[in-house]
Structure formats: structure tokens, C-alpha cells
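> Predicted coordinates and the sequence they were generated for:
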Amino acid sequence: MKEIDLNQSVYDLTSSYPELIGILKELGFLGVSNPVARNTLGRVTTIPQGCRRQGKELDEVIKKLEESGFAVKR
């Protein structure tokens, strides 16, 4: 099983698991599909930070990630 550490940046996670780009985009994190945004903002943003900025429930995002085959480390 693939493990996601929520303390890692979105850039690092999507570099390790490119399939996360589509999953996060589907969840409403539209900037993740833009290589420039992912390479700049994504380097300093974690999934929990992105959830706070976007007004999304972290638990819902974690549930979707787990349904997609990821083990989520908080």
C-alpha cells in the first residue's frame, strides 16, 4: 500500500505518486494540475493546509485517499 505523510508537501507527494494529481483535482484542488502552481505553491503547501485554504474537510479528503488505495499518516 502506498503511504501518504500529511506533513509532506503537495509537490513531494505528487512527485512520488503522480496519480494523486487527478485525485486531488477531483476533490477540488484545481491548482494541483497546473505544473507551475504545483512547482511553486505545492512546494510549501501540505494537504491539510490546502484543505484549510479551500474550506474542505480534511477527513473527507483522507477518506477519498484511503478509498483510492493510500494509507494516510497524520
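On my side now, so go ahead. The shown structure was predicted, so the numbers you read here are calculated from the model rather than taken from an experiment.
> Could I get the CA-only coordinates of stretch 22-29 as PDB?
Extracted C-alpha coordinates of stretch 22-29, given in PDB (Å, rounded to 0.1, in the frame of the first residue of the first chain):
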ATOM      1  CA  GLY A  22      -6.000  13.500 -10.600                       C
ATOM      2  CA  ILE A  23      -7.400  12.600  -7.200                       C
ATOM      3  CA  LEU A  24      -6.700  16.000  -5.700                       C
ATOM      4  CA  LYS A  25      -8.100  17.800  -8.700                       C
ATOM      5  CA  GLU A  26     -11.300  15.700  -8.500                       C
ATOM      6  CA  LEU A  27     -11.500  16.800  -4.800                       C
ATOM      7  CA  GLY A  28     -11.400  20.500  -5.900                       C
ATOM      8  CA  PHE A  29      -7.700  21.300  -5.600                       C
END
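> who touches that stretch?
Counting by C-beta atoms under 8 Å, 6 or more residues apart in numbering, the neighbours of stretch 22-29 from elsewhere in the structure are 10, 14, 32-33, 47, 50, 54, 56, 60-61, 64-65, 68. Just so you know, the C-beta spots here come from the backbone N, C-alpha and C atoms, and that holds for glycine as well.
> Check stretch 53-63 too.
Contacting residues not belonging to stretch 53-63 are listed as 27-29, 45, 47-48, 50-51, 72 [C-beta under 8 Å, 6+ apart].
> Need the contacts of stretch 22-29 in a markdown table (columns: distance to Ile21 and secondary structure).
Shown next, in a markdown table, are the contacts of stretch 22-29 (distance: C-beta to C-beta, whole Å; DSSP: H, G, I helix; E, B strand; the rest coil):
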| residue | distance to Ile21 | secondary structure |
| --- | --- | --- |
| Val10 | 9 | helix |
| Thr14 | 5 | helix |
| Val32 | 5 | helix |
| Ser33 | 6 | helix |
| Ile47 | 13 | helix |
| Gly50 | 13 | helix |
| Gln54 | 16 | helix |
| Lys56 | 16 | coil |
| Glu60 | 18 | helix |
| Val61 | 14 | helix |
| Lys64 | 14 | helix |
| Leu65 | 13 | helix |
| Ser68 | 12 | coil |
